[in-house]
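>>> got a predicted structure here, sequence first:
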Amino acid sequence: VSTQSTGYYITNNLSKGLIMSHGGEDREVILANFQAITGVDDIAIALSTLEQFNWDINNAIVATVSEDPTPPPSMSPCEVNTTFKVDWKGREHTFSLNVAQATIGTLKENLSSRVGVPKESFTIIGFPTETVQTEHKTLREMGVVQDTRLVMIETPNHVTTAHRGQGGSSSGISGRYRFKIIIEDSEYELVFLATNYVRQVKSYVESTYQIPASAQRWEGWPPGTSDMLELRDLVLETPYHRLKVTRRPQEETRQSTASDEEFMDDDVLESPESSRGPAQRPLMSVGKSPEENVMQFLEVFEERYGHVHPSFHIGTLKSALTVAFTVPADLKRPLIVFLHSDKALAGHLFCSQVICSESIASYIDQHFVMWAYDLTEKRLQQQVLAECQSIFGISGRQQVEMYVPNKLPLMIVITKVQSAPQVFAVFQGDISPDLLMAQLMDAVENYSHTRSIEKAAELEQEQRSRLRELQEQEYLDSLQRDREKVEMKKIEEKEKQLKEETEEAKLSSFEDLVPPEPHPGTPSADITFKLPSGDRLNRKFEHRTQLKVLGYFVGSKGYPPSNFKLVQNFPKRQFDEDEMHLTLEDLGLTRREVLYVEERD
């Protein structure tokens, strides 16, 4: 593409990477390319121009650059399109932007237009570079590279990003300030109103950590700070102002003036103590069952912090492990054990500003099982430690014991590898929401790899089990066939034996019906029997012998009259049933005769 009249050129090589037909191109990519090439940062103008030319990027670019002959800064093709993803409430949105030119403000405008959320009501976390975010910082400065994953989180009304800018100029948004305060070697993240006095910060430390204001030694306040100044009147660092407080020696404490006891207005101080009050219900009570205590925890937690929070598993730690891991590999989720204490300095802030964040609560519900327990009371601490020991062993108890009770609140991420639950990560209550989200995403990504390995092992085990079952079934079928063969053989042998016994009985009965051969000189006939087998039998019978006796005789030799008949060939003659009572003399069979034994039809 070139417009020689204005002196603006895009080389052929560059245009191949930037300008494509809008027919098969995603409109988000077309918009990003159009903005990258023309330098039009206003997304509304860019959209209007593309719509005017029916999303034909070539014509839109020519028309735009013709109006502005100033050539854009040179860039290499690798700077043009960097594809990355932004997660919003579990849904991923893909962007392709020139990270060298696109700013955080540009990205927020794109996100606002796409998801319909005002850009003032959300922030973006997960940038690889840990640096202060401003609307004008480029995505390259924030460390965005190919396939970077970011998370868009809603900024709740009670979350502060306000601070006093350099040189005393105000750049706050919600009128609150964040501090990271080291209190006797432990660091806590605290939030105070812009209208709070320095004195009230010190009073909060006194009431929650039992360090009298007169005994507090502070480091980190800006020069000229006095107890009567409001926080908004100070020049504070961003995004956190770091302070340190230690306990003064008793000698210095006695020298403090009594004037320190004046001016205290705890009602306007945003702190756990002011929000709870003396008659507040405990999250859990000694003497109740684990199930009853978890229900009470849920009820009181919602009274304090509202209904936007992760779903807490109702049951014991053991049952939570069952829900998380006693399922098919592709359904397994890491378990978060959340341990809270009302005595912990950061407990209220962690609950209200971190885990009750809609984005964090939604992410936990989608990817984790969460079990919560309150350790304010000593006996409740012992119960949890004993349960940890019964499940994870003495080493697991010792891992938890390192944090109880002085390093609460605590989130322990537990995974299960090769049937053994193990602690994957531990997050303390001073963690920021964006860092917690990044750590949770890292835990999910790591466990997804473990889960894929378990899934492959599970499939392999399933295949082995199926093969073993098939082999066992084939073996059982073979045994059954062998048993059936043995039984059939027994039946056949028994039938054969019965048949033989029956035949023997028949033969014996036929033999009993055949009279002995006649004595010499007795008129008799010499009968030759030709059998079906080809054998011959010869026997003499008296002339008065009935023909049926001849049938009994051949029957005694295995050819019963019911199945065989007697036939004379010369002359051809077949003896019928009604001739059986006639004698040989009646039939003319008085000399040498030949009779054939044939099977009946």
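Received it, and whenever you're ready, just let me know what you need.
>>> alpha carbons only for contacts and neighbour counts from here, please
Noted.
>>> now the terminal residues of stretch 413-430, how far apart.
16 Å (Cα to Cα, to the nearest Å).
>>> how far off centre is that stretch?
Here the centre of stretch 413-430 is set off from its chain's centre by 16 Å, with Cα atoms, centre = their mean, to the nearest Å.
>>> please list the outside residues in contact with that stretch.
Identification of contacts with stretch 413-430 by Cα atoms under 8 Å, 6 or more residues apart in numbering yields 187-189, 325, 333-337, 346-347, 350, 392, 407-412, 436, 443, 447, 450, 454.
>>> filter the residues you listed down to just the ones in helices.
Under the assignment DSSP state H, the contacts of stretch 413-430 contribute 325, 347, 350, 392, 436, 443, 447, 450, 454 to helices.
>>> so residue 248 makes contact with residue 217?
Yes. With contact defined as Cα atoms under 8 Å, residue 248 reaches residue 217; the gap is 5.8 Å.
>>> got any ranges where this structure has weak pLDDT?
1-26, 65-80, 90, 130-133, 154-175, 207-208, 251-280, 345, 417-419 (pLDDT under 70).
>>> most distant residue from the middle of it?
residue 521 (110.8 Å; Cα atoms, centre = their mean).
>>> quick one, phi/psi of it?
phi 90, psi -10 (degrees, to the nearest 10).
>>> pairing partners for residue 216 in the sheet, please.
residue 247 (DSSP bridges).
>>> look at the closest residue to residue 343 other than its chain neighbours and give its secondary structure.
Using Cα to Cα, 6 or more residues apart in numbering and skipping the chain neighbours, the partner closest in space to residue 343 is residue 376 (6.3 Å). Following DSSP: H, G, I helix; E, B strand; the rest coil, residue 376 is assigned to coil.
>>> pretty sure residue 376 sits against residue 347.
No. Look at residue 376 against residue 347 with Cα under 8 Å: they stay out of range, at 10.7 Å.
>>> what sits in contact with each of the two?
What both residue 376 and residue 347 touch, as defined by Cα under 8 Å, 6+ apart, is the set 340-341.
>>> state the helix or strand in which residue 541 lies.
Element membership of residue 541, judged by DSSP states H and E, is strand 536-542.
>>> report the inter-axis angle for whatever helix or strand comes next after that strand versus strand 536-542.
Helices and strands here follow DSSP H and E; after strand 536-542, the next one along the chain is helix 547-556. Angle, helix 547-556 to strand 536-542, by axes from the mean of the first three to the mean of the last three Cα atoms, to 10 degrees: 150 degrees.
>>> what helices and strands are in contact with helix 547-556?
If you count contacts as 3 or more Cα pairs under 8 Å, 6 or more residues apart in numbering; DSSP states H and E, helix 547-556 packs onto helix 433-513.
>>> after the helix it packs on, which helix or strand is next?
Taking DSSP H and E, what comes next after helix 433-513 is strand 524-530.
>>> just want the angle from that following strand to helix 547-556.
40 degrees.
>>> number the residues from 620 up from this point.
All set: I'll call the first residue 620, so the last point we hit is now strand 1143-1149.
>>> strand partners of strand 1143-1149, parallel vs antiparallel please.
Next to strand 1143-1149 in the sheet, as set by DSSP bridges, lie strand 1155-1161 (antiparallel), strand 1211-1218 (parallel).
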